[in-house]
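S.K.: I'd like to go over a predicted model; first the sequence, then the structure.
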Amino acid sequence: MSMIPTIRMSISALISQTLQRCSARYEAETDGSPSVQPWLRPGLLLGLILAFIPALFPSVGVFAGSLAFSLPVSVAAAEHDTVYDVGVLAFRNREHTIQQWSPLVEYLNDTVADRAFRLQALYYDDLDEAVLNRTVDFVFTNPAHFIAIGRANDLSGAMATVIMDDDGHPVSYFGSVIFARASDGLGATPLTIADLQGSTIAAVNRDSLGGYQAAAYELVLAGLRLDRDVEFTFTGMPHDQVLTAVLSGEADAGFIRTGVLESLMSEGLLQPEQIQVVNRQSPSHFPQLLSTELFPEWPFVALPHVDSETAKRVAAALFSLEPYSPTAQAIGIQGFTVPANYLVVEEMMRSLGLPPFSTTAELTLAAIWQAYRWVLVTAGLLAMLLLAATIIQHRDRRIFKKKNEELHRLHAELEQANAALRELSMRDPLTKLYNRRYFDTVFPDRIQTARRLQNSLALAVIDLDDFKAINDSLGHAVGDRALCQVAAALEQTLQRATDFAVRLGGDEFLMVMSDTNEDGLRVVCRRLRRAMAEILLDDGTGKPMFSGITASIGGMAVVPTADTTAQSMLHMADQALYDAKRRGRRQLVVHEGA
């Protein structure tokens, strides 16, 4: 009996090697079409042998599945230079990518202190190599490519998801456009996916979500077989080459990312009447040409070697980018939001059998017998593996359970990180006061509460007097310290949990005070002016540089009505602020209509 474990192990290794050779051979002889699920192929082979043999191989499938779902996370942070490279996938030409995304890198250089950033516009292979060799520190690419390189390079989750701008409309999703020459008449009008059967289709690359995967998935859902019913020609980047292939007659139809056709039309490189859209979709919330399901927009990702402090500052800068700022308008976006859920992209990639979820090509019984008939001779010995299979199954279940628990833990950590990022996006990076985004979100609710309770709500806008002189004479570092002390004075002045202070930008702040009338507003403003008068800054050695900061304050207090809005209250407070400045500054003026 002592020889049985050894014999079992030897036979197990023999069968494992045989199946690997079988799979490798058929990957080489076919085009890799994922027409048979992985669990079915061992069943085809072992069905010839013994009725009980399939019990051996589900354990292998469970074990492989547990490996596929494992999420390795790198916790090492490498030392690096102060210059960080941002690798951006170029789906148009490199020059177009550099022109579009340079303002973002300039914004990071201006916003993230003590760090410098540099843009690299790269095609797929170049970006893969850059991530592998760590010649980039941050990556901005499509979701499918992010998932692929993430599995290959132990990347963690995304930092943020971009929100694109389409003529003033926020666009958080994208897909693919399937199009043909308008003169081809591939089928009835409007064209359907069924009309593409027998066609040659141009696409940029199998790695492109918008340029191949989303459209290919739509064909599969419609019942077309990618390896038999259509033929593909891959042009490589940029997407413009797909349009060239279709218009020149090299291909009957093309796959292209949403938004690209509109860009080509705006650049005068395409006339609308030259093409017709296949399987056109028109969701009310999506303004661009579309033929497929929509997927979340591109993620912004930090590589594992980037230190956590730098990653945190970059994330804060991305979330602080306002929708209508000059930077956002120059790029054509409305900023960044918390990371989207990219599981729908992973499910699509698994369905298509795309890397890193590739499946082996279909194996036929006749081919297996012809190439590997010697395996059948060992059928009698395989019976002894039944017990070993049971043991392996038990082990694999434990491994799967452990990996599943790890996945839940990582998901909980991601939720905590997202909550921290949301809080960070509502704070001013310098003073740690709330920012304009927080004010725009919370203040309308305060107005509704005050109107419902019939309480007075007060608002004060504060502008520091002659603060530019401090920056010009003593430097911006001293000015930043002064702004932080003003923020501390504001928080000291507002002692109730229902009140809050906001930094609007530069040297301008505001205070929101619930259940406060005009007299209460004046008391709070006097308290703030006294606290600001006591501000003292030294040069770091104890030698004073200046003391006391004054401000012009415009305020208003009102019991809100149905017509009261955040904009109207802020407008009245601003008018009062302008009156205070006209009267010589260093004073409080309360709006007379309040």
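M.R.: Sure thing, it's come through.
S.K.: in the stretch 351-500 of the chain, which ranges drop under the pLDDT threshold?
M.R.: 359-372 (pLDDT under 70).
S.K.: which residues of it fall in strands?
M.R.: Ranges of strands in the stretch 351-500 of the chain, per DSSP state E, counting those that start in this stretch, are 457-464, 500-505.
S.K.: in its sheet, which strands sit next to the longest one, and in what direction?
M.R.: Listed by DSSP bridges, the sheet partners of strand 457-464 and their directions read strand 508-513 (antiparallel), strand 551-558 (antiparallel).
S.K.: quick one: low-confidence ranges for the stretch 1-150 of the chain?
M.R.: Applying pLDDT under 70 to the stretch 1-150 of the chain picks out residues 1-81.
S.K.: cool, and the stretch 151-300 of the chain?
M.R.: Low-confidence segments of the stretch 151-300 of the chain, defined by pLDDT under 70: 184-189.
S.K.: now the strands for it?
M.R.: 160-166, 169-171, 173-174, 176-181, 200-203, 231-234, 253-257, 275-278, 295-296, 299-302.
S.K.: most tightly surrounded among these?
M.R.: strand 253-257 (a mean of 29; mean count of other C-beta atoms under 10 Å). For glycine as for every other residue, the C-beta is placed from the backbone atoms N, C-alpha and C.
S.K.: elements contacting that strand?
M.R.: For strand 253-257, the packing partners by 3 or more C-beta pairs under 8 Å, 6 or more residues apart in numbering; DSSP states H and E come out as strand 176-181, strand 200-203, helix 214-221, helix 240-247.
S.K.: which among those is found nearest to residue 110?
M.R.: Among these, helix 240-247 comes nearest to residue 110, with 31.9 Å by C-beta to C-beta.
S.K.: list the buried residues of the closest one.
M.R.: For helix 240-247, a neighbour-count test (16 or more other C-beta atoms under 10 Å) marks 240-243, 245-246 as buried.
S.K.: what of stretch 378-393?
M.R.: Buried-residue list, stretch 378-393, by 16+ other C-beta under 10 Å: 382, 385, 388-389, 392-393.
S.K.: now for the nearest residue to residue 516 once chain neighbours are set aside: which residues touch it?
M.R.: In this structure, residue 516 finds its nearest non-sequential neighbour in residue 458, 4.0 Å apart by C-beta to C-beta, 6 or more residues apart in numbering. Counting by C-beta atoms under 8 Å, 6 or more residues apart in numbering, residue 458 makes contact with 511-513, 516-518, 520-521, 524, 555-557.
S.K.: quick one: residue 458 from residue 556, how far?
M.R.: Residue 458 is 7 Å from residue 556, where distance means C-beta to C-beta, to the nearest Å.
S.K.: tell me, what's touching those two both at once?
M.R.: Listed as contacting both residue 458 and residue 556 by C-beta under 8 Å, 6+ apart are residue 521.
S.K.: would you agree residue 589 is in contact with residue 553?
M.R.: Yes. With contact defined as C-beta atoms under 8 Å, residue 589 counts as touching residue 553 (7.3 Å).
S.K.: quick one, which of those two is more surrounded?
M.R.: Taking other C-beta atoms under 10 Å, residue 589 and residue 553 do not tie; residue 553 has more neighbours (29 against 20).
S.K.: what sits against the more buried one?
M.R.: 460-463, 525, 528-529, 577, 580, 587-589.
S.K.: please name the nearest non-neighbouring residue to it.
M.R.: Distances taken as C-beta to C-beta, 6+ apart place residue 588 nearest to residue 553, at 4.4 Å, with adjacent residues excluded.
S.K.: for residue 466, grab the count of nearby residues.
M.R.: The tally of other residues near residue 466 (other C-beta under 10 Å) stands at 12.
S.K.: residue 539 against residue 545, yeah?
M.R.: Yes. Between residue 539 and residue 545 there is a contact under C-beta under 8 Å: 5.4 Å.
S.K.: who has more neighbours out of those two?
M.R.: A count of neighbours by other C-beta under 10 Å puts residue 545 above the other of residue 539 and residue 545, at 16 against 10.
S.K.: who's in contact with the more buried one?
M.R.: Contacts of residue 545 by C-beta under 8 Å, 6+ apart are 474, 478, 537-539.
S.K.: just these now: which is nearest residue 332?
M.R.: Nearest to residue 332 among these is residue 478, at 37.5 Å by C-beta to C-beta.
S.K.: any idea how far the closest one lies from residue 549?
M.R.: Distance from residue 478 to residue 549, by C-beta to C-beta: 12 Å.
S.K.: between these two, which one's more packed in?
M.R.: residue 549 (23 against 18).
S.K.: number of residues surrounding the residue lying closest to residue 241 once chain neighbours are set aside?
M.R.: Using C-beta to C-beta, 6+ apart and skipping residues adjacent in sequence, the residue nearest residue 241 is residue 235, 3.9 Å away. Here the count is done by other C-beta under 10 Å, and residue 235 has 21 residues near it.
S.K.: could you measure from residue 235 over to residue 257?
M.R.: Separation of residue 235 from residue 257 (C-beta to C-beta): 13 Å.
S.K.: go on, residue 554?
M.R.: Applying C-beta to C-beta, the value for residue 554 to residue 257 is 48 Å.
S.K.: what's the answer for residue 484, then?
M.R.: For residue 484 relative to residue 257 (C-beta to C-beta), the value is 45 Å.
S.K.: now could you export just the CA positions of stretch 128-135 as PDB?
M.R.: Output in PDB follows, covering the C-alpha atoms of stretch 128-135 (Å, rounded to 0.1, in the frame of the first residue of the first chain):
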ATOM      1  CA  ASP A 128       2.900  47.600 -21.700                       C
ATOM      2  CA  GLU A 129       6.700  47.800 -21.900                       C
ATOM      3  CA  ALA A 130       6.800  51.000 -19.900                       C
ATOM      4  CA  VAL A 131       4.700  49.500 -17.100                       C
ATOM      5  CA  LEU A 132       6.800  46.400 -17.000                       C
ATOM      6  CA  ASN A 133      10.000  48.300 -16.900                       C
ATOM      7  CA  ARG A 134       8.600  51.000 -14.500                       C
ATOM      8  CA  THR A 135       9.500  53.800 -16.800                       C
END
